[in-house]
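Asks: Take a look and give me a structure for this.
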Amino acid sequence: MGTPHLSRRRVLSSVPAAALWLGGGALMGSLAACSKEKGMTFKSTDLGGADYGNELSLTDVSTGKPVTLASFKDHVVLLFFGFTQCPDICPTTLLKAKEIRDALGPDGKRLDVVFVTLDPERDTAEVLPAYVHSFDPSFIALRGDMAATKKVAREFRVFFQKVPNQDGSSYTLDHTAASYVIDKTGKLRLLVRYTDPVDNVVSDLKQLLAA
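Replies: Modelled structure (predicted):
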């Protein structure tokens, strides 16, 4: 399978993160529309049993405390990688995350929406939480240095790269637009495409929260 063409919107909005890393045969097996396991049927892409997305070690910029997947024990996590100067996909995804959390009602308190910056150079400990909390004060903003950022991106198979502007005075980022869902045991469970309807994601999350 060839390398996907990068969108002028500076994100890979139509290609799930796994598509950048998996071969054709493995990818076809992972992109079933629905999956059944222990009585659950998902509308998002089931990543149960994936051999990646098992480690995360960053800092919660609001508290200054280190965060790992174990930090979210007994909660379901909706995880997205982006940057604060993203013009469209990142704010749209965070708005949808807010809608999803609200639609869960009281169960939404057990959903942690987590935003990992891919641009620690500009997304400082002051800038990042102000941006993320403007969508919902409960959202969690994670940051690391560039080495830690690259490590977690590799672990979750998230693509990103700098794209300088014409005069070289600044840059934007090309990056994967899919989100991940991590279940209450800390295991990577679902891949949510940017285009997946809110209702579908809510349905999937209700099952995982009830499990």
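
Asks: where does the residue lying closest to D136 once chain neighbours are set aside land in three-state SS?
Replies: Of all residues not flanking D136 in the chain, K98 sits nearest, at 4.9 Å (Cβ to Cβ, 6 or more residues apart in numbering). Backbone N, C-alpha and C define where each C-beta goes, glycine included. Classification of K98 by DSSP: H, G, I helix; E, B strand; the rest coil places it in helix.

Asks: who does the most centrally placed residue in the chain bridge with?
Replies: In the chain, the centroid-proximal residue (Cα atoms, centre = their mean) is F80; its distance is 2.1 Å. According to DSSP bridges, the partner residues bridging F80 are F115.

Asks: What ranges in this protein fall below the confidence cut-off?
Replies: Within the chain, the segments meeting pLDDT under 70 span 1-38.

Asks: hey, where'd the strands end up in it?
Replies: Taking DSSP state E to define them, one finds strands in the chain at 11-12, 35-37, 40-42, 45-46, 58-60, 66-67, 76-82, 111-117, 140-143, 160-164, 171-176, 179-182, 188-192.

Asks: Please enumerate the helices of the chain.
Replies: 24-30, 89-103, 127-133, 146-155, 198-210 (DSSP state H).

Asks: helices or strands up against the longest one?
Replies: This points to helix 89-103. In terms of contacts (3 or more Cβ pairs under 8 Å, 6 or more residues apart in numbering; DSSP states H and E), helix 89-103 is packed against strand 76-82, strand 111-117, helix 198-210.

Asks: what about those, which gets the closest to L142?
Replies: Proximity to L142 (Cβ to Cβ) singles out strand 111-117 among these, at 4.8 Å.

Asks: Quick one, which of the helices of the chain gets closest to A70.
Replies: helix 146-155 (14.7 Å).

Asks: who does the closest one touch, helix- and strand-wise?
Replies: strand 111-117.

Asks: what about 10 Å?
Replies: Packing partners of helix 146-155 (3 or more Cβ pairs under 10 Å, 6 or more residues apart in numbering; DSSP states H and E): strand 58-60, strand 76-82, strand 111-117, strand 140-143, strand 160-164.

Asks: For L78, the count of nearby residues, please.
Replies: As a burial measure, L78 scores 23 neighbours (other Cβ atoms under 10 Å).

Asks: what residues are up against it?
Replies: 93, 96-97, 100-101, 111-115, 139, 179-182, 190, 192, 201, 205 (Cβ atoms under 10 Å, 6 or more residues apart in numbering).
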